[in-house]
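Q: coordinates for the following, if possible.
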Amino acid sequence: MMLPQLPLSLTPPRQPRFENFVVGRNQAAVVTLRQGLLEGQWYLLSGPEGCGKSHLALAALAEWAAQGRQLRYVPCRDARVIDLLAHCESEQVIVDDIDVLAASIEGERALFNAMNAWRAGKATVLLTTSARSAFVLPDLASRVGQAAKLVLKPLDDAGLEQLISYLIHDFQLVPGRGLKDYLLRHGPRNGDRLTGLFELMSRRALAERRVVSVPLARECLEQSRAID
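A: Here you go, the predicted model:
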């Protein structure tokens, strides 16, 4: 018996880069991240969930890597974060979502010890957070408070429309009639969720051999809300 042929993904994963980040009202922060990070300085990139902090962190990481720099990336949502922080001596370090470690004594100590090592090594450090982290360790709160603040604002309607256009291009989709307008009215206003919606629409359109249309977008929205 022949097994059914499984559809293959023909679109590479979307790569977070400065070029495909919708700047919106965040011109100053993006320029600083791309051109103005000073050697040996610490920076704290903050903003609401889904506004693009991780995108920008990974974009900065890619540019550092292209320059041949010694670097480390520590995603705090990774189950191995304690071990990652214990072994991340480098010239340049990015620690994503530090607020995840708040109220975890082990996590806070690991971050504090790592920050002491980075200071001694004069590393350039970029931290990201979604909120003002309620760290239990006063010394850690003080250390984080010494970082230069960069604040991201959420996208407005014009920014969301631009992001939808970027996502259509990045996922190599041919949009059905009215798709953009439908997503602007009914889609998530959170950039991360909108990207996730496009990933789902792209997979389903390929697997089911369907056009990326308003009906498909509606089904995918319902599916993603059920998962949440």
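Q: who's in contact with N20?
A: 14, 166, 170 (Cβ atoms under 8 Å, 6 or more residues apart in numbering). (Glycine included, C-beta is placed from N, CA and C.)
Q: same question, D99
A: 76, 129-131, 133.
Q: R132 now?
A: S46.
Q: shouldn't it be within a strand?
A: No - counting by DSSP: H, G, I helix; E, B strand; the rest coil, R132 falls outside a strand, being coil.
Q: for N113, give its distance to D139.
A: As judged by Cβ to Cβ, to the nearest Å, N113 and D139 stand 11 Å apart.
Q: of all the contacts of D99, which two lie farthest apart?
A: Pairwise distances across the contacts of D99 (Cβ to Cβ) peak at 13.2 Å, for the pair C76 and A131.
Q: looking at the two, which one has more neighbours?
A: Taking neighbours as other Cβ atoms under 10 Å, C76 and A131 compare with C76 leading, 23 against 11.
Q: could you pull up phi and psi at that one?
A: phi -70, psi -10 (degrees, to the nearest 10).
Q: that one reaches V100, doesn't it?
A: Yes - applying Cβ atoms under 8 Å, one finds C76 in contact with V100, separated by 4.2 Å.
Q: overlap in contacts, those two.
A: G107.
Q: ok, now which ones touch the residue nearest to the spatial centre of the chain?
A: In the chain, the residue lying closest to the centroid (Cα atoms, centre = their mean) is S54, at 2.3 Å. By Cβ under 8 Å, 6+ apart, S54 lies in contact with 16, 96-97, 128, 192.
Q: what is the neighbour count of the nearest residue to L101 once chain neighbours are set aside?
A: Take L101 and drop its neighbours on the chain: the residue closest to it by Cβ to Cβ, 6 or more residues apart in numbering is G107, 3.6 Å away. The number of residues packed near G107 is 20, by other Cβ under 10 Å.
Q: what's G107 sitting at in phi/psi?
A: phi -70, psi -40.
Q: might one say that it is in contact with D97?
A: No - counting by Cβ under 8 Å, G107 stays clear of D97, with 11.2 Å between them.
Q: that concludes my questions; thank you for your assistance.
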